[in-house]
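> Sequence and predicted structure are below.
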Amino acid sequence: MRKEQWCLAVEKREAEETRHRLLGEGLLDRRCKPRPEGGAVLFPVVREVPGALRCEFEAVPEQVVLPRHELVGGIAIMQENDPGGARRLLAARPSLATVLFPETPVEGEYRIRRFAVLAGVPSTRTRVTEYGLRFDVDLAHAYFSARLSTERQRVLRAMEEGERVLDMFAGVGPFAITLARRAAFVVAADLNPAAVHLMIHNIALNRAENVIPMLADAGHLLRLDFSPFDRIVMNLPLAAPQFLLTAARLCRDGGTIHLYALEEREGEYLPLIRAVTRGEVVERVVRTYSPGKWHAVYDITVEKEGSGESSV
Ligand SMILES: C[S@@+](CC[C@H](N)C(=O)[O-])C[C@H]1O[C@@H](n2cnc3c(N)ncnc32)[C@H](O)[C@@H]1O
């Protein structure tokens, strides 16, 4: 669409300088594009200024600025409690059913949040598709983070075919069901009944019959007859380090533990790991958590002989 308005004509070589000056003075009209004409450039301006002419411009389509949000399946989680923004978001993204605002941080043993529904269907349940797998999640009743999808694929790529895997804090099963693609079997434990309920549903949804779901406290897993495991996933960033000794005992000599931890200093958990095994340790940043804090993963090769792990 073309529209007539005020503009300033300047020589091409002065164009960049003029653009900066007009921007700085708040005179440049962003709803139209500057236009070259002969050896000059025409800059649309918001009002009549000395030397301004009337000319026609191509209007730039108005951009809808959407509020910041995180997507989990058909749910958007907004960072601000802004119902107007939520309605705009819903209108702009046809795949969305619901917009939520977290009223609490992730908290408690089950690592869940309470949400307010800002717009759309009043539900915290949705389906997430991740690398061809489907996970039904209920954000108010069981932990789920779509941001870990790349990390799950990284661990899958590190696996050999036919491994025996333990997921100590399995939630609704995203790690367990992903790793089941290469594993002989995956034992998947969680102490939140709602999470285990959804995990059983997700196992059926993905026909991952080699996942063994378990309502259990990770502290009791030493009694398992399935051990030793080739690989153990410990995704409970605030408290997993407390269970490291249990994991080391359940892991075979030469097996791998992926320990997720929240830290403020590189190598913060190395002394603890060294008390359990002297095997190789590689530390990586998974994502930032808050200023000065991040989620790290330690890939630990468990070396048992002479490691002194039993003395801890
Ligand atoms: C951060 S969530 C991770 C869930 C899952 N691994 C994922 O990536 O979505 C941690 C999970 O550990 C469970 N949990 C907390 N303490 C536990 C314990 N002592 N034993 C077993 N599960 C526990 C919580 O219920 C929660 O589902």
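In hand now; what should we look at?
> and the residue in the chain that the ligand sits nearest to, what element?
Among all residues of the chain, Gly171 sits closest to the ligand, at 2.7 Å; criterion: Cβ to the nearest ligand atom. C-beta here means a position set from N, CA and C on the backbone, and glycine is covered the same way. According to DSSP states H and E, Gly171 maps onto no helix or strand at all.
> roughly how far apart are it and Arg125?
Computed as Cβ to Cβ, to the nearest Å, the Gly171 to Arg125 distance reads 15 Å.
> So which of those two has more stuff around it?
Neighbour totals were compared for Gly171 and Arg125, and Gly171 leads with 29 against 17 (other Cβ atoms under 10 Å).
> Now do the same contact list for the more buried one.
Applying Cβ atoms under 8 Å, 6 or more residues apart in numbering, we find Gly171 in contact with Arg111, Ala142, Tyr143, Phe144, Asp190, Asn192, Ala195, Met199, Asn235.
> Which pLDDT value belongs to it?
Listed pLDDT for Gly171 reads 98.
> just Glu309 next, same as before
Confidence score, pLDDT, at Glu309: 45.
> now swap in Pro61 and tell me
For Pro61, pLDDT reads 67.
> Please, which helix or strand holds Tyr298?
Secondary structure assigned from DSSP H and E places Tyr298 in strand 293-301.
> ok, now Val10?
strand 2-11.
> That strand - which strands sit beside it in the sheet, and in what orientation?
When pairing is defined by DSSP bridges, strand 2-11 lines up against strand 40-44 (antiparallel), strand 53-58 (antiparallel).
> Low-confidence stretches in this protein?
Residues of the chain meeting the criterion pLDDT under 70: 61-64, 306-312.
> same thing but at 80, please
Within the chain, the ranges that satisfy pLDDT under 80 run 1-3, 24, 30-31, 59-65, 227, 305-312.
> Mark out where each domain of it begins and ends.
The domain map for the chain lists 2-58, 69-123, 147-301, with the assignment taken from automatic domain parsing.
> Now do the end-to-end distance for stretch 289-296.
10 Å (Cα to Cα, to the nearest Å).
> again with stretch 107-124
Where stretch 107-124 begins and where it ends lie 17 Å apart, using Cα to Cα.
> picking that back up, out of the contacts of Gly171, which are buried?
The neighbour-count criterion (16 or more other Cβ atoms under 10 Å) marks Arg111, Ala142, Tyr143, Phe144, Asp190, Asn192, Ala195, Met199, Asn235 among these as buried.
> Next, give me the two most distant ones among the residues you listed.
Using Cβ to Cβ, the buried ones among the contacts of Gly171 span at most 14.4 Å, a distance reached by Arg111 and Met199.
> List the contacts of the nearest residue to Tyr110 once chain neighbours are set aside.
Leaving aside its sequence neighbours, Tyr110 sits nearest to Asn192 (Cβ to Cβ, 6 or more residues apart in numbering; 4.2 Å). By Cβ under 8 Å, 6+ apart, the contact set of Asn192 is Glu109, Tyr110, Ile112, His141, Ala142, Tyr143, Gly171.
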